[in-house]
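In: Sequence and computational prediction follow.
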Protein chains: 2
Amino acid sequence: MEKKSLNVVIVGGGFGGLSAAKSLAKSQDIKVTLVDKKNYHLFQPLLYQVAMAGLSPAEIAYPLRALLASHKNVDILLGDVKVINKEEKYVETATNRVFFDYLILACGSTYTYFNAPQWEPFAPGLKTISQATEIRRRVFLAFEKAERENDPQKQKMYTTFVVVGGGPTGVELAGSLGEITRYSILKDFNHILTYQTKIILIEAGPRILPSMTPELSREAVRELDQLGVEVRVNTKVSEINEQGIRAGNEFIESETILWAAGVAANPLNKSLGAELDRQGRVIVKHDLSIPGHPDIFVIGDQAHYKWGAEEAPLPGLAPVAMQQGRFVAKLIKKSVHAPRTLERFKYVDKGQMATIGRSRAVAMYKGLHFSGFVAWLAWLLVHIYYLIGFKNRLFVLFQWAWTYLTFRRGARLIVEKE
Amino acid sequence: MEKKSLNVVIVGGGFGGLSAAKSLAKSQDIKVTLVDKKNYHLFQPLLYQVAMAGLSPAEIAYPLRALLASHKNVDILLGDVKVINKEEKYVETATNRVFFDYLILACGSTYTYFNAPQWEPFAPGLKTISQATEIRRRVFLAFEKAERENDPQKQKMYTTFVVVGGGPTGVELAGSLGEITRYSILKDFNHILTYQTKIILIEAGPRILPSMTPELSREAVRELDQLGVEVRVNTKVSEINEQGIRAGNEFIESETILWAAGVAANPLNKSLGAELDRQGRVIVKHDLSIPGHPDIFVIGDQAHYKWGAEEAPLPGLAPVAMQQGRFVAKLIKKSVHAPRTLERFKYVDKGQMATIGRSRAVAMYKGLHFSGFVAWLAWLLVHIYYLIGFKNRLFVLFQWAWTYLTFRRGARLIVEKE
């Protein structure tokens, strides 16, 4: 049997944690324990497709055990880490305590409703599969309610959809809703007038997709407009309840409000004793460890890593998390045989993209900008390439081809809550 | 516009209701309203595959609106029928009242826990998609719990699975569990010993698959045994709680108990004023109408139709419901132009089959009996042929081929409850 000299605990099986685990799995001197509260890796960038009935959960989620089955030095522990003991060097779930020589925290982020948690039941966010299926349930139930309603005022309320937050997820949700009302729904209902459906995308800042260039923001607004989505910028939300949403000075009557604003890092961060930024992310050192604890690393959406001339934090993107995971794994592997030296994480920019609908997207890569069909094709290829597992790639490609050709969304099931 | 002379209301979009709706949809003189509490048709015979992570919900469920989109004389109403008024001739949901000239009730059946409804939380049945995903969650969570457990006694409890009911669903669930423990799970876990996992199938009667021949029952027991499933017949369940199940004289410690026994018809039947059988099914006349109300039909699992020399009720199978749906539709279509005559429903026996696992099944058709690979192949072809939608057929075929070749179940996600 191999000599196991180092115990590495990874918390979180997202893009960061998984890439760290895979890099470490090849090493004989290291025993890895991957702790996650879910038993699967979720391909988050396509989660909005599950919410919008384009894909099924199993097509974008892959069991962690299947991903790491060939690596016998990796244990997977299903559980939610509640305690981190930095001095005695262990983490604890409700059922187990696991000791570490190195700890990698890759817990991602969650939505925050700022100081208004009471809004959540009326405006679900999109971070988990069950949230995605809940959003799907609400959207398609709204159409059913409109179909059986005779009061035009109420029918209008049921066919008004509001998306809060103009980042990539908000844009993708609003664009898909536009497509569904324009194409998929039209032929299925006898009593809904498509031109009466209304989709409003609300952004507090001066433009949508603020991490992209102003030209691409404008292009996204234009493409959304073609799908019937009304974009309102510089608009603050002051109230959400069962009747609708107050945005700016107007109260919009709607039963279907989706939340894609206000990201916050994991609450676990507060227990680390390290400095946090305004969003609750841990401000990490140049090797991604936390001050005073060179054996504890924080990566991905959970970390605030200053980068570039402006020392701005790196954005919450999959390539950032994956590169950081691999960097930390390499650093740990080196430390088995040699004393550790201070290394510096260097980010290689992979660009950014957001899809808006069939043949509609915006993308930027190394100073180049794309929009329309070319950007959409790039988006499609990149997402299918990074999807995990040959079968899932094939399925998703086929699903998309099918939806593209037929305008039919196969997964629009309203699954009862129990 | 066509003259709409007859209003037909169909309650339930299962095999019976859907085949009635499709037959009637072709007729210009008839306006159909299909009422269902779900927005999709569910291919119930494959629901156990969703529970056992072989398929995703969207692969066996198809939106009713998509199925009937081309027929503009069919309205679909999402709702649960709570009231049937036979004299004023309307049905009512929480939101709508719909008047009928003819009513077709095709509400199917549900599981009953006899006089012990308190068992349900510990032993879920398998009738809906959310029950299927709940069963999936419990099964795969049990393996996760066993993996992280150090106490061998508790580990044994987590890896003991009990299925109650030796009908086709019970046999299919037990067989799949056998396959999962034998093949799929083995390579994914580091701390579970496969030979310690235990699957017990409990049947109160003298043999499993009682609607088939004794030879096929024996063959099914043999094939289940090869997958490590222990079959206990003549065994009554007297208690189910969070610790386990009392079956016969033994208390079996288990956290994962699945219920596939005790079918009961829709509670709505009690309000019809017609005679019911012991399972609560409506005893219908030879034209499937109820006594005193020739304009109200009951079909499928909800009906008790005496058939054959023994005047035994027809079994709760898809072909029965589909043939009855088409028979009633034909009868109604004829009544538009001609006075109604008494007709008699004649059942064409399509045989029966149950699958046990990869290459293992039992089937009977017109006095012929099959088992093993031939029966399994027949089962596969019949189920794929009857699956609705070209895309779903292709997907399911591909999924099965994949699982067959790789022993991998793609859909084994434990989706959190919220």
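Out: Cool, got the structure.
In: Do I have it right that A:Val298 meets A:Leu288?
Out: Yes - A:Val298 is within contact range of A:Leu288, at 6.6 Å (criterion: CB atoms under 8 Å). Heads up, the C-betas are built off the backbone N, CA and C, glycines and all.
In: Look at the two and report which has more neighbours.
Out: Counted by other CB atoms under 10 Å in any protein chain shown, A:Val298 and A:Leu288 do not tie: A:Val298 has more neighbours, with 33 against 25.
In: Report how many residues lie close to A:Phe297.
Out: 31.
In: what pairs with the closest residue to A:Val284 other than its chain neighbours across the strands?
Out: Leaving aside its sequence neighbours, A:Val284 sits nearest to A:Ala303 (CB to CB, 6 or more residues apart in numbering or on different chains; 4.8 Å). Beta-bridge pairing of A:Ala303 under DSSP bridges involves A:Val282.
In: what sits against A:Ala303?
Out: Neighbouring residues of A:Ala303 by CB atoms under 8 Å, 6 or more residues apart in numbering or on different chains: A:281-282, A:284, A:288, A:324.
In: Among those, which one lies nearest to chain B?
Out: Distance to chain B across those (CB to the nearest CB) is lowest for A:Arg281, with 23.8 Å.
In: Contact partners for the closest one?
Out: The neighbourhood of A:Arg281, defined by CB under 8 Å, 6+ apart, consists of A:109, A:265, A:269, A:301-304, A:313.
In: With A:Pro267 instead?
Out: By CB under 8 Å, 6+ apart, A:Pro267 lies in contact with A:Gly280.
In: Quick check: residues of the stretch 251-400 of chain A near chain B?
Out: Taking CB under 8 Å from any CB of the partner chain as the criterion, the stretch 251-400 of chain A approaches chain B at residues A:389, A:391-392, A:394-395, A:398.
In: Tell me how far the residue nearest to A:Val284 lies from chain B.
Out: 25 Å (CB to the nearest CB, to the nearest Å).
In: Against A:Thr169, how distant is that residue?
Out: 20 Å (CB to CB, to the nearest Å).
In: try A:Arg65
Out: Taken as CB to CB, the span from A:Arg65 to A:Thr169 is 28 Å.
In: what does the stretch 51-200 of chain A put close to chain B?
Out: A:56-59, A:61-63, A:65-66, A:69, A:72, A:75-79, A:95-96, A:128-131, A:133-134, A:140-141, A:144-145, A:147-149, A:187-191.
In: Give me the buried entries from the residues you listed.
Out: Among those, those classed as buried by 16 or more other CB atoms under 10 Å in any protein chain shown are A:56-59, A:61-63, A:65-66, A:69, A:75-79, A:96, A:128-129, A:131, A:133-134, A:140-141, A:144-145, A:147-149, A:188-189.
In: Just give the number of residues close to A:Tyr347.
Out: Applying other CB under 10 Å, I find that A:Tyr347 has 16 neighbouring residues.
In: SS state for it?
Out: At A:Tyr347 the chain is in coil, as set by DSSP: H, G, I helix; E, B strand; the rest coil.
In: Quick check: phi and psi at it.
Out: phi -90, psi 130 (degrees, to the nearest 10).
In: Go ahead and confirm it touches A:Leu314.
Out: Yes - counting by CB under 8 Å, A:Tyr347 does reach A:Leu314; the two are 5.9 Å apart.
In: Give me the common contacts of these two.
Out: A:305, A:307, A:320.
In: tell me which helix or strand of chain A sits lowest on mean pLDDT?
Out: None of the helices or strands of chain A scores lower by mean pLDDT, DSSP states H and E than helix A:390-406, at a mean of 76.
In: Next, the residues that contact that one from outside, please.
Out: If you take CB under 8 Å, 6+ apart as the criterion, helix A:390-406 is touched by A:46, A:54-55, A:59-60, A:62, A:358, A:380, A:384-385, A:387, A:408-410, B:391, B:394-395, B:398, B:402, B:410.
In: Could you do stretch A:184-201 as well?
Out: Residues from elsewhere that reach stretch A:184-201, judged by CB under 8 Å, 6+ apart: A:143, A:146-148, A:155-156, A:159-163, A:166, A:170-171, A:174, A:177-178, A:181-182, A:208, A:224, A:227-232, A:247, A:252, A:407-409, A:412, B:63, B:65-66, B:69, B:72, B:75.
In: Show me what the helix or strand harbouring A:Arg65 packs onto, helices and strands only.
Out: If you go by DSSP states H and E, A:Arg65 is part of helix A:64-67. Applying 3 or more CB pairs under 8 Å, 6 or more residues apart in numbering or on different chains; DSSP states H and E, we find helix A:64-67 packed against helix A:15-25, strand A:40-42.
In: Below-threshold pLDDT in the stretch 1-150 of chain A: ranges please.
Out: For the stretch 1-150 of chain A, the stretches with pLDDT under 70 are A:1-4.
In: mind listing what the spatially most central residue of chain A touches?
Out: Nearest to the geometric centre of chain A sits A:Gln44, at 4.3 Å (CA atoms, centre = their mean). Counting by CB under 8 Å, 6+ apart, A:Gln44 touches A:14-15, A:127, A:318.
In: wait, which of the residues you listed is closest to A:Asn39?
Out: Lowest distance from A:Asn39 to the contacts of A:Gln44 (CB to CB) belongs to A:Gly14, with 13.4 Å.
In: looking at it, that closest one is touching A:Leu105, isn't it?
Out: No - judged on CB under 8 Å, A:Gly14 makes no contact with A:Leu105 at a distance of 11.2 Å.
In: and these two? which has more neighbours close in?
Out: Taking other CB under 10 Å, A:Gly14 and A:Leu105 do not tie; A:Leu105 has more neighbours (29 against 25).
In: Give the closest residue to the more buried one in space, chain neighbours not counted.
Out: Counting by CB to CB, 6+ apart, the residue nearest A:Leu105 is A:Val298, at 4.6 Å.
In: since we're on A:Leu173, how many residues are nearby?
Out: For A:Leu173, the count of nearby residues is 26 (other CB under 10 Å).
In: Could you report the separation of A:Ser19 from A:Asp301?
Out: Distance of A:Ser19 to A:Asp301, computed by CB to CB: 14 Å.
In: go on, A:Ala106?
Out: From A:Ala106 to A:Asp301 the distance is 8 Å (CB to CB).
In: Give me the common contacts of the two.
Out: Common contacts of A:Ala106 and A:Asp301 (CB under 8 Å, 6+ apart): A:14, A:16, A:321.
In: What is the nearest of these to A:Val35?
Out: Distance to A:Val35 across the shared contacts of A:Ala106 and A:Asp301 (CB to CB) is lowest for A:Gly14, with 12.3 Å.
In: got the contact list for that closest one?
Out: Residues in contact with A:Gly14, defined by CB under 8 Å, 6+ apart, are A:41-42, A:44, A:106, A:108, A:300-301, A:321.
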